[in-house]
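Novice: okay, here's the prediction I keep looking at, along with the sequence it came from:
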Amino acid sequence: MATRTTADVLTTISEDVADLASIAHALDGLTSELDLEGVDHNKIRDLQRVDALFQHLDDIAVLLGNMSTMIGAGPDLNVQDLSNSVRLDYLKSRLSDAEKTRAISPDAGNVNLF
């Protein structure tokens, strides 16, 4: 049974949440470049939620990082059980071994615009 300390898992998740926050920051930056003249105001409000998204993700990343420091090593967690609780292969691999998969980006792959 492969295990990782709670602190190590929290650090890994904190890093991933910070990466997601940076994506949300980029989306927020793109919204300022949109021509919103004539757009339904409800849709504009939805775009404003991107701002809230990156702020929440930023805070959650910091919170998880601080928890990792506060907890010390913490108890060991079963990596297989953690991996079984998520769907994304990227996250499964990050939970299994944070260092080995750091080079894999969650935004890698083909762009699908719809």
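Specialist: Looks like it arrived, so ask away.
Novice: would you map the helices across this structure?
Specialist: Taking DSSP state H as the criterion, the chain carries its helices at 6-31, 41-70, 79-84, 89-96.
Novice: need these in JSON lines with mean neighbour count and mean pLDDT, can you?
Specialist: For every residue, glycine as well, the C-beta is placed using N, CA and C. Converted to JSON lines, the helices of the chain look like this (neighbours: other C-beta atoms under 10 Å; pLDDT from 0 to 100):
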{"stretch": "helix 6-31", "mean neighbour count": "17", "mean pLDDT": "92"}
{"stretch": "helix 41-70", "mean neighbour count": "14", "mean pLDDT": "90"}
{"stretch": "helix 79-84", "mean neighbour count": "15", "mean pLDDT": "93"}
{"stretch": "helix 89-96", "mean neighbour count": "18", "mean pLDDT": "90"}
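Novice: tell me which residue is most central in the chain.
Specialist: The centroid of the chain falls nearest to Val17 when counting by C-alpha atoms, centre = their mean (2.8 Å).
Novice: can you tell me the closest non-neighbouring residue to that one?
Specialist: Ala61 (4.1 Å; C-beta to C-beta, 6 or more residues apart in numbering).
Novice: equivalent analysis for Val62, please.
Specialist: Ser14 (7.7 Å).
Novice: wait, doesn't that neighbour sit right on Gly65?
Specialist: Yes. Ser14 is within contact range of Gly65, at 4.2 Å (criterion: C-beta atoms under 8 Å).
Novice: how far away is the residue nearest to the centre of the chain from His41?
Specialist: 31 Å (C-beta to C-beta, to the nearest Å).
Novice: ok, now Met67?
Specialist: 39 Å.
Novice: also Gly72?
Specialist: From Gly72 over to His41 (counting by C-beta to C-beta), the distance is 50 Å.
Novice: ok, back up a step: wait, the residue nearest to Val17 sits on Thr12?
Specialist: No. Ala61 lies out of contact with Thr12 (C-beta under 8 Å); the separation is 11.4 Å.
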